[in-house]
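Enquirer: Fold the following, please.
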Amino acid sequence: MRLHDAAASLLLLTTSGCSAFGTSAAGIITSQHALTSGAVAGSSGHSTAFVPRNKKLSLDSGSGGSSSSSRLAISSAPRGGATTTTTSLSSATASSGTNTLPSSLEGIVTADNWSLLSQRGQEALQSLVESDAGIGAQVHVYGDWPEAGAEDDGKIRLTEKLADLDASYPGGLSAYLGKARVLLKESADGTNPFSDFTASVPEGENLQYDTLEPDSHTGMTFTEAEQTGLTGIDSVAFVLVAGGLGERLGYSGIKLSLETNLITNKSYLAMYARYIQAMQRMAHVKTGRKEVRIPLVIMTSGDTDGPTRKLLEENDNFGFEPDQISIVCQDKVAALKDSMAGLSLGKERWDVETKPHGHGDVHHLLLREGHIDRWEKDGKKHVVFLQDTNALIINSVLPALGVSIAKKFDMNSITIPRLAGEAAGAITRLEHDSDPEKSLTINVEYNQLDPLLKTQGDRKGDVADPATGFSPYPGNSNILIIGMDAYAKTLRGEDQGVVVEFVNPKYKDDTRTEFKKPTRLECMMQDIPKLFQKEMGSDSNIGFTNFDRWFSFSPAKNSLESGVEAVEGGSNAPGTMSSAESDKYIQNQRKLKFAGVDLKVSEEEDLVPIAGIPVTPGPRIIICPGFAITQEEVMNKIEGGKITERSSLVLEGEGLTVKNLDLDGALIIRTGHDCNVLVDGLVVRNKGFEVEEIPEDADVPEEVAIRGYTMKKHEAMEIIIDEPGKYVIDKDGNVEKVM
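Expert: Below is the predicted model of the structure:
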């Protein structure tokens, strides 16, 4: 037990590059490349080890300098040719190809140039040439090579890059280019993807935390949904989509390393980890099975992979066991220069430009890296997909899981009330006009929804429901819960989890043939219903669970400057780090108010501007996952009490109960496992914490600048109990062990 002042810590990580290997058990890693066995040279001058699918590579314990478990630090070529520094690559370093020139390449590539290439390079070049026959879109790639002896290293680099792109995409590069030509033609022709569909509001559930009344349409209460969700917590897996840097926020590091709040200074990744671990702990208690493990897979990109691994290593995996957390790296795909899907070359002709494929890659990666097989074997029944910087969303997981279980949803989108015309996608039921098997429930972007609705019914478009003031089409938060049975069946179908792609070129002129800058095929994870429809037809059951915004949605995505502009333009959702932190405090104000605590909940008119962003004046409350992840826990562990507006409070500990707290200042209570602690009538009076706006000319780190303020921690009472036992804390803060 100890009582001391609170302190803050800060972590900034900046590295780059994408490892070709996924994190697995200590000392064991599995290759992310689904290629033939054998050691061959990768592109971009990196030495890459290729291991057959379902094989493992054993490593000596202790690599990477870890003292507690085996670590691996390997520089390897990213799949899809992520941007790297290249070095000269001699043909002697690659697996020898054949000297016999295929007839399909005669007159295109000389025999001497052909013999320079590795076997995989030859195969990739031959495939590109043959698939381009009669089209000619790729002649700039394979045509007019100088004679052997000139720029040989470049020829080898190019074909190795083609081989990487060929291997990373299901069906190979030729399949990618074939899809691209079709989609680019549809784009140039202005094809309407919804011309054969009629939109309607899909089946779903509307849940409100602070009401005991069931939804008038479906009859389910928040409490019922949450309790049903608890029945499935031992059979879930989590996926965290984290491929982006914080550039839009004005932060050069990864978003997962950003602090969710300035009281606990916990990062987003730490918060998600603690939530999953609290759920796992609850599963142990409810099932009596200590062996239950809830796995987490993080999908990174070439930009975030290295920093994410470093963040995990420096924080001992945030408490996860080595085999419990894994990383998969998002693919890059070839960039396209024109409407014929011609490959866009880099700054010099011996490189193919690549771009991120999109977070829709996550589905194919989960299948390809063996996670689907493993989760099925382990009896997992649902997969929860999270985004990187929406701290409020964890509150929605359990009740939404309960809805998925009760309604047997194959896919359940967590949604929020959406204003009519708001620039946010909407979950929509699309009924096909002639073939019911083609009907589906899916996210429709706002700029597509309004034109679609203007072609049907009253033709008013995306307008508000007079009864609610919101659009009847719920807003997509991009948080998904997917049933394992339907998911595994769909991923093993023809497309192997590659969701239906789209293309969004910016044309140079009205001819719609050339682009202002290279484009590529993109995919979004929320478009997985298109694969469900393809593999399951009308048997797929897809819906939504709608929560109030205050409860589930406040992402940090915009810079302070952009947020100020939005506020000045009338927005009450600036999407900055400061607004996200403020909304977290307000959410917890509402939770404690609902539990019977006397405190003021900040409404919109109560917010005070700090650095141009309206934020709560307080109280600033953090309910850690270790204290409560359910409404029931909050209601059972909080009784009475009062908290002043200037106060700050942190509660953490599964065995912690707080009765009649009288707080005017700052209080932090943390208790460990097997610590039963009753706080009874505690009175706290101290200087507390204070938010201070950063002066305009102040020189502060970017992770501080993006908020526009710091937190001055004048004084706090902090009680930490980690020795198992039963304790009582009296009104003066005295801690007594009673058992």
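
Enquirer: all contacts plus neighbour counts: C-alpha atoms, from now on.
Expert: Noted.

Enquirer: For residue 325, see how far away residue 290 is.
Expert: As judged by CA to CA, to the nearest Å, residue 290 and residue 325 stand 18 Å apart.

Enquirer: So which of the two has more stuff around it?
Expert: residue 325 (22 against 11; other CA atoms under 10 Å).

Enquirer: Contact partners for the nearest residue to the more buried one once chain neighbours are set aside?
Expert: Distances taken as CA to CA, 6 or more residues apart in numbering place residue 296 nearest to residue 325, at 4.9 Å, with adjacent residues excluded. Neighbour list for residue 296: 237, 238, 239, 240, 324, 325, 326 [criterion: CA atoms under 8 Å, 6 or more residues apart in numbering].

Enquirer: For this protein, which residues score under the pLDDT cut-off?
Expert: The chain contains residues with pLDDT under 70 at 1-96, 215-218.

Enquirer: the longest strand in it is where?
Expert: strand 475-483 (DSSP state E).

Enquirer: Give me the buried stretch members for the next helix or strand after that one, please.
Expert: Sequence order places helix 484-491 as the next helix or strand after strand 475-483, per DSSP states H and E. In terms of neighbour count (16 or more other CA atoms under 10 Å), helix 484-491 has its buried residues at 484, 486, 487, 488, 490, 491.

Enquirer: Distance from helix 484-491 to the middle of the chain?
Expert: 20 Å (CA atoms, centre = their mean, to the nearest Å).

Enquirer: Dump that helix to PDB, keeping only the CA atoms.
Expert: What follows is helix 484-491 as a C-alpha-only set of coordinates in PDB (Å, rounded to 0.1, in the frame of the first residue of the first chain):
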ATOM      1  CA  MET A 484     -17.200 -16.800 -37.000                       C
ATOM      2  CA  ASP A 485     -19.200 -19.500 -38.800                       C
ATOM      3  CA  ALA A 486     -20.400 -17.200 -41.700                       C
ATOM      4  CA  TYR A 487     -17.000 -15.400 -41.700                       C
ATOM      5  CA  ALA A 488     -14.900 -18.400 -42.100                       C
ATOM      6  CA  LYS A 489     -17.200 -19.800 -44.800                       C
ATOM      7  CA  THR A 490     -17.100 -16.500 -46.700                       C
ATOM      8  CA  LEU A 491     -13.300 -16.000 -46.400                       C
END
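
Enquirer: Could you tell me the angle between it and strand 475-483?
Expert: When axes from the mean of the first three to the mean of the last three CA atoms, to 10 degrees is applied, the directions of helix 484-491 and strand 475-483 differ by 100 degrees.

Enquirer: For helix 484-491, which outside residues touch it?
Expert: Residues from elsewhere that reach helix 484-491 (CA under 8 Å, 6+ apart): 363-364, 367, 372, 376, 380-383, 410, 496-497, 531-532, 535-536, 540.

Enquirer: residue closest to the middle of this structure?
Expert: By CA atoms, centre = their mean, the chain has its centre lying nearest to residue 241, at 2.0 Å.

Enquirer: these two touch, right, that residue and residue 385?
Expert: Yes. With contact defined as CA atoms under 8 Å, residue 241 counts as touching residue 385 (7.2 Å).

Enquirer: Let me know the closest of the contacts of residue 296 to residue 736.
Expert: residue 324 (37.3 Å; CA to CA).

Enquirer: Not including adjacent chain positions, what is the nearest residue to that closest one?
Expert: residue 295 (4.9 Å).

Enquirer: cool, and residue 613?
Expert: Using CA to CA, 6+ apart, the closest residue to residue 613 is residue 564 (6.1 Å).

Enquirer: For the residue nearest to residue 325, what are phi and psi?
Expert: phi -130, psi 130 (degrees, to the nearest 10).

Enquirer: okay, now residue 415: neighbour count?
Expert: Neighbour tally, residue 415, other CA under 10 Å: 30.

Enquirer: So it sits against residue 546, correct?
Expert: Yes. In terms of CA under 8 Å, residue 415 counts as a neighbour of residue 546; the distance is 4.6 Å.

Enquirer: so what's in contact with the two at the same time?
Expert: By CA under 8 Å, 6+ apart, the residues touching both residue 415 and residue 546 are residue 474.

Enquirer: Run through the bridge partners of the residue nearest to the centre of the chain.
Expert: Partner residues in beta bridges with residue 241, using DSSP bridges, are residue 299, residue 387.

Enquirer: Relative to residue 676, how far out is it?
Expert: Using CA to CA, we find residue 241 at a distance of 36 Å from residue 676.

Enquirer: residues making contact with the longest helix along the chain?
Expert: Taking DSSP state H as the criterion, the chain has its longest helix at helix 268-287. The contact list for helix 268-287 (CA under 8 Å, 6+ apart) reads 233-234, 255-260, 289-294, 318-320, 388-389, 391, 394, 625-626, 629.

Enquirer: show me what contacts the nearest residue to residue 379 once chain neighbours are set aside?
Expert: What sits nearest to residue 379 in space, not counting adjacent residues and going by CA to CA, 6+ apart, is residue 235, at 6.3 Å. Counting by CA under 8 Å, 6+ apart, residue 235 touches 294, 379, 380, 381, 382.

Enquirer: how far away is residue 564 from residue 611?
Expert: According to CA to CA, residue 564 and residue 611 sit 8 Å apart.
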